[in-house]
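[1] any chance you can model this:
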Amino acid sequence: MDRKNKWLALVAKEHNEWVRIVKSLGEYDYAEDIVQESYIALSKYSSEEKIIRNGLVNKGYMYFTLRSLTFQFYNKKQKVRKISLNNEDYTIEIPSVDNVEDKEAFEKVCKLIDKETE
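    Alright, predicted model coming up:
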């Protein structure tokens, strides 16, 4: 197991706590999905030095990561447009394509967290 997988495995050991945190932010249906997204985000944008302190997961960093991803999820959910067809009750959901903004926002949050923890 390489170094990145080791610290991600350490983070994942507390999976139930991360799910509980997302649920405490008000998202129940997609809590597991948001936690899985957090592992992907940590893998891409974070490092062991930022998330592991003295052999333990930095829960503050993880909280802010989960909170950021939960709010990004809410924002995406609100941007879905519904269009009526033939004046019937049928709708088509067209998701917004703003991935660049989400990534930039997440990177800004990570930088702020890093600056604050230093």
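
[2] mean confidence score for stretch 54-61?
    Over the span of stretch 54-61, the pLDDT mean works out to 91.

[3] ends of it, how far apart?
    Distance between the two ends of stretch 54-61: 14 Å, counting by C-alpha to C-alpha, to the nearest Å.

[4] how much space between residue 107 and residue 46?
    Distance of residue 107 to residue 46, given as C-beta to C-beta, to the nearest Å: 10 Å. Every residue, glycine included, has its C-beta placed from N, CA and C.

[5] of the two, who's got more company?
    Neighbour tally, residue 107 and residue 46, criterion other C-beta atoms under 10 Å: the higher count belongs to residue 46, 22 against 13.

[6] run a quick neighbour tally on the nearest residue to that one once chain neighbours are set aside.
    Closest residue to residue 46 in three dimensions, ignoring its sequence neighbours and counting by C-beta to C-beta, 6 or more residues apart in numbering: residue 110, at 6.6 Å. By other C-beta under 10 Å, 19 other residues sit near residue 110.

[7] element containing residue 110?
    Assigned by DSSP states H and E, residue 110 falls within helix 99-117.

[8] ok, residue 7 next?
    Going by DSSP H and E, residue 7 is in helix 3-12.

[9] about what we covered before: please identify the buried residues of the helix holding residue 110?
    106, 109, 110, 113 (16 or more other C-beta atoms under 10 Å).

[10] same check on stretch 2-17?
    For stretch 2-17, using 16+ other C-beta under 10 Å, the buried residues are 7, 8, 11, 12, 14.

[11] alright, that wraps it up for me.
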